[in-house]
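J.: with the sequence up front, the predicted model follows.
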There are 2 protein chains.
Amino acid sequence: MKPPVSDPSFTPKRERILDAAEELFARHGYDGVTLRQIAKKADVDVALANYHFGKKRDLFEATFLRRAQILNDVRLQALLEAEKEGDGTPPLEAIISAFLRPIQALKLSSDPGWRNYCALVAYINSSAVWGEEMMHRHFDPLVSRYIAALKKALPNTEPEKIHWCYHYLSGALTLTLAQTGRIDRLSEGLCQSTDSQTAYDLMIPFVAAGFERICGEP
Amino acid sequence: MKPPVSDPSFTPKRERILDAAEELFARHGYDGVTLRQIAKKADVDVALANYHFGKKRDLFEATFLRRAQILNDVRLQALLEAEKEGDGTPPLEAIISAFLRPIQALKLSSDPGWRNYCALVAYINSSAVWGEEMMHRHFDPLVSRYIAALKKALPNTEPEKIHWCYHYLSGALTLTLAQTGRIDRLSEGLCQSTDSQTAYDLMIPFVAAGFERICGEP
DNA sequence: TTGACAATTCAACAGTTGTTGAATTTTACT
DNA sequence: AGTAAAATTCAACAACTGTTGAATTGTCAA
């Protein structure tokens, strides 16, 4: 029962609560999950969630925050590397790759928890109740850096258009993260929601072409 | 208290329940809304929802179904018209327009209920629990016709790619319908979630360019 | 007016919810 | 070994949930 140096408040059961909450919140949303369901899945007493995290709302936020910083870090690193390679102004597709590839990498990583977390982010981003506040506080600071890079890569473009294009990108990504299984049904098994490789390989050029059309670059 | 000829089971309070359910379900999701909240907003007794619709789940489905047929109808008409103008094989952008413009038109219509309904569809489409089954049953039959038209407009393209491109289109549309207000914040007021005109004017060429890039047409 | 039937409300149920304070166990340090 | 603190469980609460059957009101044709 040794805590990792990084987190002094580490506890196995505490972590299991977060894992269970991640999975359940991602699938059923905030109101679709009870603390007892979470406790049962984590094989823990109900009261323990309150002891560690306080109110249900705080547990939800803690679940969201646990991996948010990691995601922001790998994304920032990808953006910085793209800017280094591009001498300060990387080409459009490199910026979009730096935005999407880190997510793909995390989903393909050994930790299966990232799949649930991605679905959780999709839920939050689609929700008018949670999305506006939480995404803004914890993701928009970095997203603003991507927007700035896009403005540099697409000069002479009204900022308004760049924001709308990012909005479409965000939508395509969000539905991909949600993994609702609808594309599987609609394509009659031809495509799979879980096929991250194809999903991101095609999303990047798709979105890049959209940006170029709207923002009038070659 | 005269029922419109079209619906023999019409009742003002019944309709008010649907209106209230539409607004609340769209914003807070299925589990985030109680029957008492709906009844209160509709200024009606709780038991009346059960009398008219049965279980809560049935009320949810009835709310979804009320406008689904209308949406499918106007969309089908738009697709047929595009096919007529294009001599059976309308160009790519005409198909995408036939898919998106009807929604824009409904949102700009006099009935403000369509705004709530669009957010409800966004919620359902983003949900792994509801999306797979309900969207498949009630929307995919028509969507398959759009897919077929896309295949005709983009011959020599692997169907897999067309399905993924439609998936990105669906994602961009879904986030637009959700109207979470995030683009307002991120753009610092430069763009508004409620600005359907710009949202769809830009979405159509954005998506068309994406299709062309992936499916290799001029 | 009466009588039927639909629409609506009233009252109440059994089960579940988030949350809390006290009791118990485990951990870590001397 | 002993002890204080942290971690965990136990037991219970008041409030709220969806749902139902009986009672009341409204509607409209005979």
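T.: Nice, thanks for sending it over.

J.: who does the lowest-mean-pLDDT helix or strand in chain A touch, helix- and strand-wise?
T.: In chain A, the helix or strand scored least confidently by mean pLDDT, DSSP states H and E is helix A:128-130, which has a mean of 93. Applying 3 or more CB pairs under 8 Å, 6 or more residues apart in numbering or on different chains; DSSP states H and E, we find helix A:128-130 packed against helix B:12-28. Every C-beta, even on glycine, is put in place using the N, C-alpha and C of the backbone.

J.: can you tell me how far the closest residue to residue A:85 other than its chain neighbours is from residue A:167?
T.: In space, and not counting its chain neighbours, residue A:85 is closest to residue A:94: 7.1 Å by CB to CB, 6 or more residues apart in numbering or on different chains. Applying CB to CB, to the nearest Å, the value for residue A:94 to residue A:167 is 20 Å.

J.: how many residues are close by the residue nearest to residue A:85?
T.: 21 (other CB atoms under 10 Å in any protein chain shown).

J.: now swap in residue A:110 and tell me
T.: Residues lying near residue A:110 (other CB under 10 Å) number 5.

J.: next, the buried residues of whichever strand or helix holds residue A:39.
T.: Secondary structure from DSSP states H and E places residue A:39 in helix A:35-42. The neighbour-count check on helix A:35-42 (16 or more other CB atoms under 10 Å in any protein chain shown) flags A:35, A:38, A:39, A:41, A:42 as buried.

J.: likewise stretch A:141-159?
T.: Under 16+ other CB under 10 Å, the buried positions of stretch A:141-159 are A:142, A:143, A:145, A:146, A:147, A:149, A:150, A:153, A:154, A:157.

J.: can you tell me the closest non-neighbouring residue to residue A:19?
T.: residue A:113 (6.2 Å).

J.: and the least confident helix or strand of chain A, how far out from the chain middle?
T.: With CA atoms, centre = their mean, to the nearest Å as the basis, helix A:128-130 stands 16 Å off its chain's centre.

J.: mind giving me the packing neighbours of the helix or strand following that helix?
T.: In the C-terminal direction, the helix or strand that comes right after helix A:128-130 (DSSP H and E) is helix A:136-138. Packed against helix A:136-138 by the contact rule (3+ CB pairs under 8 Å, 6+ apart) you find helix A:56-85, helix B:182-186.

J.: buried ones in helix A:136-138?
T.: A:136, A:138.

J.: circling back to that earlier point, single out the most deeply packed of the helices and strands packed on helix A:136-138.
T.: helix B:182-186 (a mean of 21; mean count of other CB atoms under 10 Å in any protein chain shown).

J.: residues from chain A in reach of DNA strand D?
T.: A:9, A:11, A:12, A:13, A:14, A:44, A:45, A:46, A:47, A:48, A:51, A:52 (CB under 7 Å from any atom of the strand).

J.: again, only this time at 10 Å
T.: Contacts of chain A with DNA strand D, taken as CB under 10 Å from any atom of the strand, map to A:1, A:3, A:8-17, A:31, A:35-36, A:39, A:42-52.

J.: same for chain B: which of the residues you listed are within range?
T.: When contact is defined as CB under 8 Å from any CB of the partner chain, these meet chain B at residue A:31.

J.: out of the residues of chain A next to DNA strand D, which are buried?
T.: Buried members of those, counted by 16+ other CB under 10 Å: A:13, A:14, A:16, A:17, A:31, A:35, A:39, A:42, A:44, A:48, A:49, A:52.

J.: rewinding a little: distance between the helix holding residue A:39 and the chain's centre?
T.: 24 Å.

J.: mean confidence for it?
T.: The average pLDDT within helix A:35-42 is 98.

J.: ok, stretch A:145-154 next?
T.: 98.

J.: is that stretch positioned near chain B?
T.: Yes - legend: contact between stretch A:145-154 and chain B by CB under 8 Å from any CB is shown at residue A:147.

J.: distance from that stretch to the middle of the chain?
T.: The answer for stretch A:145-154 is 20 Å, by CA atoms, centre = their mean.

J.: please list the residues outside that stretch that contact it.
T.: Stretch A:145-154 is contacted from outside by A:76, A:79, A:82-83, A:88-92, A:95, A:98-99, A:157, A:159, A:162-163, A:165-166, A:211, A:215, A:217, B:186, using CB atoms under 8 Å, 6 or more residues apart in numbering or on different chains.

J.: next: stretch A:172-182.
T.: Contacts for stretch A:172-182 (CB under 8 Å, 6+ apart): A:100, A:103, A:115, A:118-119, A:121-123, A:125-126, A:193-194, A:199-200, A:203, A:206-207, B:125-128, B:131-132, B:135-136, B:167-168, B:170-172, B:174-175.

J.: put the buried members of those residues into a PyMOL selection.
T.: Filtering those down to the buried ones (16+ other CB under 10 Å) takes a single PyMOL command:
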select buried, (chain A and resi 100+103+115+118+119+121+122+123+125+126+193+199+200+203+206+207) or (chain B and resi 125+126+127+128+131+132+135+136+167+168+170+171+172+174+175)
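
J.: inside helices: which ones of the contacts of stretch A:172-182?
T.: Judged by DSSP state H, the contacts of stretch A:172-182 include A:100, A:103, A:115, A:118-119, A:121-123, A:125-126, A:199-200, A:203, A:206-207, B:125-126, B:136, B:167-168, B:170-172, B:174-175 as members of helices.

J.: coming back round to it: so is the helix holding residue A:39 next to DNA strand C?
T.: Yes - using CB under 10 Å from any atom of the strand, helix A:35-42 comes into contact with DNA strand C via A:35, A:36, A:37, A:38, A:39, A:40.

J.: shouldn't the fifth one be in contact with residue A:52?
T.: Looking back up the chat, that one is residue A:39. No - counting by CB atoms under 8 Å, residue A:39 sits too far from residue A:52 to count as a contact (11.3 Å).

J.: need the overlap of contacts for these two.
T.: In contact with both residue A:39 and residue A:52: residue A:17, using CB under 8 Å, 6+ apart.
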